[in-house]
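Novice: next come a sequence and a model predicted from it.
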Amino acid sequence: MKKTLLTLITGLLLMGCSNTEKLTFNEMVNQTQEVAKGIDKTALFYESSATKELNGVKSVFAGKNNTTIEVLCTSNGLTKSIVINEPFLEDEVINLPVKLTLEEAEELLLEAGYGTGVEGEADWSVVVLRRPLGPDFEFAQYIFTTSKGFVSVDATTGKVTPVGLEGCPCPFKDPCICPESNLSTMSNQTWKNTSSQGTLRVSQGNPQSGHDDFSPTVGTELVPNGTWNNVNGGAWAYLVLDILNGTTYLTTTTVHFTDPVGGAPLDPPVSMDGNNKPDGALTFTKVGDNSYDVSYGKSSYPPPYTTGLIDWTGGQTGKEPFSTPGSYWTQDYNFDDTLRWTSDGTSTVQNTKQTGNSVYGYNYGSRAYPVNVLDSDMKTDDSAYGVAMDGVWQIDIKIGSNGGGTYPDSLFCETFYLAERKVMMWDNKYYLDNSPKGGSQQYSQYGREIDIMETKWQPSGPQANLPNGNPSDPSSQMSWNTEVSGTNGYNKLEAKWEQMYSTFPNPTTYATFGIAILDDGLYFYGYNDKGTQVYVDGPIVLKNDGYTQENPFVPYIGTWTKQDTKTKPGIEGGFSTSYKNFIYKKKTEVSGNPITNKSGFGPGLK
């Protein structure tokens with residue numbers, strides 16, 4: 001597997017510890033081992049890397065079934081981890097702890113003549129604790145990137161040995177294939193945007209602690225035919241860029257100036273995804289010393305995952321086979337769950353059977369949302385049917401559970417809801433909601449969420465909710481109205497299932513659930529399977545002085561389960577949820593509200 005650096009934006013597991021003082025390198029390594037063992041008790045340690053600032057380490061472990069576990073630990077003890085379904089093939093296993101600490105190895109490096117000229121300061125920028133494959137390294141090594149090349153300090157014997165040629169970023173290779181004359185200094189670069197479309201904008205991203213020394217500054221834009229001077233990635237040697245088509249957001253990429261592991265300069269720089277793999281989003285062509293032409297390349301995203309979502313009535317304009325332009329309902333779980341969704345010609349049906357396996361994890365649910373795809377490059381915008389800041393959203397649902405009243409239905413939640421979304425591309429790292437951990441744990445971001453219908457939390461009937469995030473995190477307080485949401489959200493039981501479905505607890509018909517966000521506030525409403533209005537809840541005025549919504553709502557359908565299914569099978573639900581007749585109307589396209597105009601909503605909304 002190609003070496004990758006686990007940055008703070010590529011984690012699935014976020015954990016905190018109680019350290020109040022900064023951890024040392026070896027303490028951070030031990031912390032990553034604890035996390036890896038928590039994921040897989042048989043995990044074996046391969047390597048850890050860090051920059052001289054020691055703000056964090058990235059460790060690599062061998063997992064079972066030829067998987068790789070990557071864990072990052074910051075100096076304040078925060079950890080993130082990801083499991084990759086590929087083996088790591090570049091190191092021998094190391095038994096922790098090693099005999100020498102990094103501080104002891106650094107002192108030996110200094111004593112061997114690798115100093116900066118400042119008394120007591122060793123000359124190095126990056127260190128990797130590893131045991132490279134091959135007969136030359138019997139024990140684990142601290143391999144330092146110095147101004148004179150790579151130097152190893154044996155973590156058992158303390159022997160200091162140069163490895164690789166001076167000035168060459170390619171250790172363990174002879175002859176050196178990266179001569180010094182071809183290296184970029186990785187600073188003060190000049191970029192010219194040669195793409196006909198594609199504006200680059202510096203993004204804050206979710207940087208490591210202390211990574212705010214890059215250039216240009218956040219928000220700076222490089223338009224087509226424009227030029228940037230003094231471009232660099234700072235001490236962490238990367239720059240996060242949003243790519244825009246005019247003002248339309250396309251994607252985000254991270255430009256690396258050095259190899260994420262080992263610190264070897266990359267000349268020209270390389271744009272990579274969140275897993276530090278080249279993504280082809282930007283192409284760099286060297287035109288002079290530290291001078292590059294840069295252009296936006298074709299997106300590497302696949303077509304949206306639309307299995308089972310083609311033939312239902314939901315404002316979908318795209319055709320099968322996939323073609324552009326078109327609006328599609330796409331799955332947002334990062335893969336096409338081909339056994340999850342089916343279509344009966346009028347409804348899209350999501351089941352709760354088990355898919356996945358022990359390698360990828362087990363899955364019992366999914367979610368889908370509408371996205372407008374502009375062209376074969378997979379550019380998207382926010383003009384899909386149903387993506388809006390306000391208006392009326394409505395859908396017919398036949399629930400399959402007993403409302404979560406008894407086991408195993410109580411493990412599942414059938415839903416129809418709105419959630420703010422900034423990036424329309426199908427990838428769950430862009431998903432936002434009002435979860436205490438942030439809707440996208442990978443980026444730890446929040447977004448405003450409005451739950452129109454949920455089955456789990458109020459088992460006797462449909463629940464409407466205006467969640468208010470994490471009580472201890474002010475940045476998550478994005479509720480529609482903080483006064484009614486309180487600490488735990490709105491959580492209102494709107495009706496009884498018997499009022500909505502005449503055949504409950506085994507519904508064979510459809511009830512209608514909707515929300516109207518109008519000038520005077522927000523209304524939840526529901527109509528039973530006979531077309532009779534059962535409830536209206538509102539108007540609830542928008543009142544949250546601490547948060548201004550900038551991104552549109554996206555409607556979601558789906559069923560999810562709260563089970564530990566990453567490493568072991570869970571429990572199947574044994575039921576399906578059917579959705580049909582999704583309708584969206586601008587607020588100017590409806591008359592009155594669900595109270596004053598009952599016949600204009602529910603079955604009467606055309």
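Specialist: On my side now, so go ahead.
Novice: how about low-confidence regions in the stretch 151-300 of the chain?
Specialist: 164-187, 205-211, 247-250, 261-263, 275, 298-300 (pLDDT under 70).
Novice: quick one: the strands in it?
Specialist: Taking DSSP state E, counting those that start in this stretch as the criterion, the stretch 151-300 of the chain carries its strands at 160-163, 189-193, 199-202, 221-222, 227-231, 238-245, 248-258, 265-272, 282-288, 291-296.
Novice: so which of those strands gets nearest Phe582?
Specialist: Smallest distance to Phe582 across the strands of the stretch 151-300 of the chain (Cβ to Cβ): 24.2 Å, for strand 248-258. No exception for glycine: its C-beta is placed from N, CA and C like everyone else's.
Novice: counting neighbours, what do you get for Tyr362?
Specialist: Counted with other Cβ atoms under 10 Å, the neighbours of Tyr362 add up to 19.
Novice: and the helix or strand in which it is found, what's its mean pLDDT?
Specialist: Counting by DSSP states H and E, the element that carries Tyr362 is strand 361-363. Confidence over strand 361-363, taken as the mean pLDDT, stands at 82.
Novice: sheet partners, orientation included, of that strand?
Specialist: Strand pairing for strand 361-363, determined by DSSP bridges: strand 355-357 (antiparallel).
Novice: what's the strand it pairs with in contact with?
Specialist: Residues external to strand 355-357 that are found in contact with it (Cβ atoms under 8 Å, 6 or more residues apart in numbering): 337, 339-340, 362-364, 565.
Novice: swap the cut-off to 7 Å and go again
Specialist: With contacts defined as Cβ atoms under 7 Å, 6 or more residues apart in numbering, strand 355-357 is touched by 337, 339-340, 362-363.
Novice: what of stretch 474-485?
Specialist: Judged by Cβ under 7 Å, 6+ apart, the contacts made with stretch 474-485 from elsewhere in the structure are 434, 436, 446-448, 450, 466-470, 490, 522, 540-544, 546-547.
Novice: tell me the buried residues within those.
Specialist: Buried positions within these, assessed by neighbour count (16 or more other Cβ atoms under 10 Å), are 434, 446-448, 450, 466-470, 490, 522, 540, 544, 547.
Novice: just the ones of those residues in strands?
Specialist: Counted as lying in strands by DSSP state E, out of those, are 450, 522, 540.
Novice: what pLDDT is listed against the first one?
Specialist: Reading off the confidence values, Ile450 has pLDDT 96.
Novice: swap in the second one?
Specialist: Note on Leu522: pLDDT of 98.
Novice: count the residues that sit near Ala62.
Specialist: For Ala62, using other Cβ under 10 Å, the count is 20.
Novice: all helices of this structure, in order?
Specialist: Here the chain has its helices, by DSSP state H, at 25-39, 102-111, 482-485, 497-500.
Novice: show me what contacts Tyr369?
Specialist: Applying Cβ under 7 Å, 6+ apart to Tyr369 gives the contacts 329-330, 332, 554-556.
Novice: any idea what it is bridged to?
Specialist: Here Tyr369 shows beta-bridge partners Thr330, assigned using DSSP bridges.
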